[in-house]
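> Got a sequence here, can you model it:
(chains A and B)
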Amino acid sequence: MLAEPMVAIFLTGALVGVAAAPLGLFLVLRGTAMLTDAVAHSIVLGIVVVWMLTGATSGPVQLLGAALAGVATVALTGALQRSRIVASDAAIGLVFPALFAAGVLLINIYARDVHVDVDTVLLGEIGFVWLETRELGGIEVPVSVLTLGAVLVVNVAFVAAFWKELKLGSFDPALAAALGLAPGLLHQGLLVLTSVTAVASFEAVGAILFIAFAIVPSATALFLTDRPGRALGLAAALAVVAAGAGQAAAFALDVSIGGMMAVCAGALFGLALVAGPRRGIVARLLRRRAEAADRAALTLVAHLHTHEGGPDAATECTAAALSDHLRWPPQRAAEVIVHGLDRGLILRRGEGLVLTERGRAEARAIFDPTGRA
Amino acid sequence: MNPDSLHEPHIALHVEDLTVAYRNAPVLWDIDLDVPPGVMCAVVGPNGAGKSTLLKAALGLVQPTAGHVRFFGLRYAKARSRVGYVPQRSTVDWDFPATALDVVEMGLYGRLGWFRRPGRAARAQALSALASVEMADFAGRPIADLSGGQQQRVFIARALVQDPDLYILDEPMAGVDAVTEAAIVALLKRLRDQGRTVIVVHHDLQTVQKYFDWLVMLNVRVIAQGPVAEVYTPENLRRAYGGRVALIGGAT
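Sure thing, here's the model as predicted:
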């Protein structure tokens, strides 16, 4: 049943995202998400070189060789960054296109008539993953599902074992280093595993789309929650949803399956960007309006406090004064008063406005923050 | 000399012949420095004097060209648990998904060691550290929602939870409000009075005499070091800052 085309395609697409999610989470948190793209591109060179040397197009040797190319990219990029010859992001942009181009050229020259072709390298061929299967306990299982499943286990084990070290290393590498928790080494480990995951995902999604599977669900999840643990679970769930929705849409519209899965991941990100609970655009706008209302209410509190008990209190501490002296239009003045009343900062007394105890405390905090006077 | 043997164990921070260079240009030249235990020490100097670099080199975050550093007579690798480091607030991304309590718990990661997760005891310790910087009410808040002063308090709580003998703080008073500055200074003085050593990179010459009892003046080299009363002199300030500083305070 696992070898049914539709099932195999869905499982493979979902597994790419789920296997990459633990790595993607920390790459996004560290601000090095684009290294994923660099790694995914330069493994093309690794795959071609290993094929030329050994004739293997899959299997552990291929996995290792291609992963080494990813590691070489990261090392070269790092060396170029440390040399300070070019700016930090330019170093990424210089290294991986060069290695990627070399890989594409080698395919053109030496591999014209074989299994490896440029289209597959760029976009993968997730539609055919059900063709290659292996028997496991009497069940036919697609090879891609087996490989990605194994990679998933390794990635989850790595992140689970070093969870707190990765967290501190992402947030504050200086303290992590000072505490002896080797943030640099762990980051290298993340990137090695990213290379391995990219190689395992390669036949299905190719060099270009890998980053959409590896990074977008994590970036989306981090928009939706403030806890890294929850973000990880959410990223995995989002990857599954994107794979399922993408597959359905691709068959309905008769377009590229991998491409449609990436589009769905992007659409989910767009949705989170707009409607996310805390960081989303709508939530931010609402919060900004609430803050503005609070500030206006505090301005009113400060005004009342200044004139409280003074000779001009009768004229200053009225609703009319807000229009005459603070130059607020009557409509706005009324809104501010309502907000002040709602928050329990002020009270109406006849024509005038007076501070409550709470309002007076707020005013004291404004005029005498140190509490010394 | 055996690198693991005790060397100047009666001194909290001992720096000898330390030279640090970035791309062959020395940013610190032959630094000799001794901070005795139980003092509250300011490290001052103009921009580019190498103040932060001195701290980073001492903590092994920057590789020195020459020289060595000892904490209570030990190499830093052997003295990690006795040193609490508070980096500049601006060096981390405050949009990171973590609560104030999570950040304070990070201070315990060194003592926990590899693989072990913080448990209930760590949580309680972190809460009490937050309480001592008057931030207990904010424990569950995402750090992105905190003001600059509150973020700095969280950072200091993260060092407190390590319970170190030596506190090293990089510009803790930068960009915080007056209330927070007063609270931080009071807290650091309390630590000093308990016998801890406090070393602060400080940028405000006006408050040096009020806050500190020990002073290191730095400008690529050590200009002067010792008790504030002896070191905070017009002559030394001129040598550290050139003619660019107007003397304020009681220095004569």
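
> And the residue in chain B positioned nearest to chain A, which helix or strand is it part of?
Residue nearest to chain A within chain B: B:G110 (3.3 Å; C-beta to the nearest C-beta). Bear in mind the C-beta positions are built from the backbone N, C-alpha and C, glycine included. Secondary structure assigned from DSSP states H and E places B:G110 in helix B:109-112.

> Who are the packing partners of the strand or helix carrying A:F202?
Using DSSP H and E, A:F202 falls within helix A:183-214. Secondary-structure packing of helix A:183-214 (3 or more C-beta pairs under 8 Å, 6 or more residues apart in numbering or on different chains; DSSP states H and E): helix A:5-30, helix A:34-54, helix A:60-83, helix A:118-123, helix A:143-161, helix A:163-171, helix A:173-178, helix A:257-275.

> hey, least reliable of those by pLDDT?
Least confident of those, judged by mean pLDDT, is helix A:118-123 with a mean of 74.

> quick one: contacts of that helix?
Helix A:118-123 is contacted from outside by A:44, A:47, A:103-104, A:107-108, A:202-203, A:205-209, A:256, A:258-259, using C-beta atoms under 8 Å, 6 or more residues apart in numbering or on different chains.

> and if you look at stretch B:40-53?
So stretch B:40-53 is in contact with B:20, B:27-28, B:35, B:54-55, B:62, B:88, B:170-171, B:188-189, B:192, B:197-203, B:205, B:208, B:211-220, B:223, B:228, B:240-242, B:244, going by C-beta under 8 Å, 6+ apart.

> Quick check: buried residues in that stretch?
B:M40, B:C41, B:A42, B:V43, B:V44, B:G45, B:P46, B:A49, B:G50, B:K51, B:S52, B:T53 (16 or more other C-beta atoms under 10 Å in any protein chain shown).

> circling back: mark which of the contacts of helix A:118-123 are buried, thanks.
A:44, A:47, A:103-104, A:107, A:202-203, A:205-209, A:256, A:258-259.

> Could you confirm whether stretch A:12-27 reaches chain B?
No - residues of stretch A:12-27 contacting chain B under C-beta under 8 Å from any C-beta of the partner chain: none, with a closest distance of 9.8 Å.

> In chain B, where's the longest helix?
helix B:178-193 (DSSP state H).

> Pull out the buried residues from that helix.
B:T180, B:E181, B:A182, B:A183, B:I184, B:V185, B:L187, B:L188, B:L191, B:R192.

> and the closest residue to the residue of chain B closest to chain A other than its chain neighbours, how many neighbours?
Leaving out its chain neighbours, the residue that sits closest to B:G110 by C-beta to C-beta, 6 or more residues apart in numbering or on different chains is A:L179, at 3.3 Å. Neighbourhood size, A:L179 [other C-beta atoms under 10 Å in any protein chain shown]: 27.

> Bridge partners for B:L166, pull those for me.
B:V83, B:T197 (DSSP bridges).

> For the closest residue to A:G17 other than its chain neighbours, give me its contacts.
Among residues not flanking A:G17 along the chain, A:A239 sits closest, at 2.4 Å (C-beta to C-beta, 6+ apart). Counting by C-beta under 8 Å, 6+ apart, A:A239 touches A:A14, A:V16, A:G17, A:V18, A:A20, A:A21, A:F213, A:P217, A:A265.

> Burial check on the closest residue to B:P164 other than its chain neighbours, number of neighbours?
The shortest distance from B:P164 to any non-neighbouring residue, by C-beta to C-beta, 6+ apart, is to B:G84 (3.7 Å). Burial of B:G84 is recorded as 27 neighbouring residues (other C-beta under 10 Å).
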